[in-house]
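Colleague: Below are the sequence and a predicted model; questions follow.
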Amino acid sequence: MNNTMQQYRIVRKRFGQNFLIDQYVIDRIVSFIQPLHNQAMVEIGPGLGSLTKSIIKYIDRLTVIEIDRDLVRQLSEHPFISHKLNIYQQDVMTINFSKLSHELGQILRIFGNLPYNISTHLILHLFTYINVIRDLHFMLQKEVVNRLSAVPNGKEYGRLTIITQYYCKVVRLLEVPPQAFCPVPKVNSTLVRLVPRTNILHPVKNINMLSYITYVAFNQRRKTVRNSLGHLFKPQQLVEIGIDPKQRAENISIENYCKLTNLFYTKSLKT
Ligand code: SAM
């Protein structure tokens with residue numbers, strides 16, 4: 001059992017706890033994040049504070065959101081960092097980030113070594129607060145980052161890719177091996193930066209409709225779009241947008257999904 005485990009004997013698997021123990025990796029993450037004084041920095045899942053302690057050297061105040069009350073107690077009693085922490089003992093999925101941004105007086109820089117079991121839900125949840133987010137830096141399962149950063153025509157390109165790249169630029173930053181964590185996870189990890197776009201490239205009239213159309217298309221990803229989207233669009237409508245009806249969901253660009261969404265929106269006004 002190493003030091004980290006001795007500090008915290010019970011690892012709660014249900015909270016996706018894999019603590020960072022490699023100081024080189026931690027330093028690299030901090031150098032990518034580049035925290036600055038008077039920025040509204042927010043860490044999701046500080047755990048035992050591996051990242052927290054390194055980030056907090058650069059700033060006066062850090063907001064942390066941690067669900068595990070034993071870890072919260074350790075953080076709040078920590079002799080060197082507790083006085084700089086603004087701690088929320090809460091499930092991050094219940095945090096109102098608009099309110100938090102308002103309280104902190106500026107838009108948020110959010111980061112964390114995320115619990116893998118909630119990471120994709122959390123990212124989609126955060127997009128509902130995109131207007132109050134300056135950037136996101138997350139350690140994620142490598143496969144998830146592959147999906148976030150995918151391009152059309154591959155098996156990793158899907159709904160998560162489209163919704164993420166609709167809102168954000170995606171930058172892969174660092175590949176991290178399992179040995180950097182304790183306990184050692186079964187998967188590789190990747191640090192990624194998501195930067196909300198100042199100008200959305202292909203704005204849609206209704207984001208829920210983009211979500212719906214991509215859900216329908218990728219739910220039957222082996223079918224041609226003529227079939228999978230056949231109850232929503234006529235083949236001629238697909239062609240007019242520039243989509244070959246014989247293509248599959250993974251062959252359609254984000255731009256064309258946005259065009260489909262706006263056509264669907266216009267059609268919905270007429271019915
Ligand atoms: N940041 C620490 C590190 O790198 O060593 C811990 C990372 S660990 C992968 C994920 C952390 O998120 C744990 O501390 C866990 O308790 C916390 N967590 C899990 N689910 C959460 C949730 N729904 N809301 C807030 N924190 C959560």
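Modeller: Perfect, I can see it now. Numbers count the residues shown, from 1 in each chain.
Colleague: moving C-terminal of the helix or strand of the chain with the lowest mean pLDDT, what's the next helix or strand?
Modeller: One helix or strand of the chain scores below all others by mean pLDDT, DSSP states H and E: helix 3-7, with a mean of 56. Downstream of helix 3-7, the first helix or strand assigned by DSSP states H and E is strand 19-20.
Colleague: so, in contact with the ligand or not, that following strand?
Modeller: Yes: against the ligand, strand 19-20 shows contacts by Cβ under 6 Å from any ligand atom at 19-20. Glycine gets a C-beta too; all of them are placed from N, C-alpha and C.
Colleague: which ones are touching Asp91?
Modeller: Counting by Cβ atoms under 8 Å, 6 or more residues apart in numbering, Asp91 makes contact with Ile67.
Colleague: Report pLDDT for it.
Modeller: For Asp91, the pLDDT comes out at 97.
Colleague: can you check Asn38 too?
Modeller: 89.
Colleague: Let me know how buried it is, in neighbour terms.
Modeller: Residues lying near Asn38 (other Cβ atoms under 10 Å) number 10.
Colleague: again, but for Pro183
Modeller: Residues near Pro183, counting by other Cβ under 10 Å: 15.
Colleague: just checking, it touches Ile21?
Modeller: No: with contacts counted by Cβ atoms under 8 Å, Pro183 stays clear of Ile21, the gap being 9.9 Å.
Colleague: quick one: what helix or strand has the residue of the chain most remote from its centre in it?
Modeller: Most distant residue from the mean C-alpha position of the chain: Gln236, 36.2 Å away (Cα atoms, centre = their mean). According to DSSP H and E, Gln236 maps onto helix 235-241.
Colleague: outside of whatever helix or strand comes next after that helix, which residues touch it?
Modeller: Later in the chain than helix 235-241, the nearest helix or strand by DSSP H and E is helix 254-270. Contact with helix 254-270 is made by 161-162, 165-166, 201-206, 209-210, 213-214, 217, 229, 232-233, 237-238, 241-243, 252, as judged by Cβ under 8 Å, 6+ apart.
Colleague: And the residues you listed, which of them are buried?
Modeller: 161-162, 165-166, 204, 209-210, 213-214, 217, 229, 232-233, 237-238, 241, 243, 252 (16 or more other Cβ atoms under 10 Å).
Colleague: Flag the shaky bits of the stretch 101-250 of the chain, pLDDT-wise.
Modeller: For the stretch 101-250 of the chain, no stretch is flagged by pLDDT under 70.
Colleague: Tell me where it has helices.
Modeller: Secondary structure of the stretch 101-250 of the chain, counting by DSSP state H, counting those that start in this stretch: helices at 119-127, 142-148, 159-167, 207-219, 225-228, 235-241.
Colleague: Keep the buried ones among the contacts of helix 254-270, but drop any that are not near the ligand.
Modeller: Of these, not one also sits near the ligand (Cβ under 6 Å from any ligand atom).
Colleague: was I right about Ser211 contacting Ile163?
Modeller: Yes: counting by Cβ under 8 Å, Ile163 is a contact partner of Ser211 at 6.5 Å.
Colleague: okay, the residue nearest to Asn206 when sequence neighbours are not counted: pLDDT?
Modeller: With Cβ to Cβ, 6 or more residues apart in numbering as the criterion, Asn206 has its nearest non-adjacent residue at 5.3 Å, and that residue is Tyr265. The confidence metric pLDDT takes the value 97 at Tyr265.
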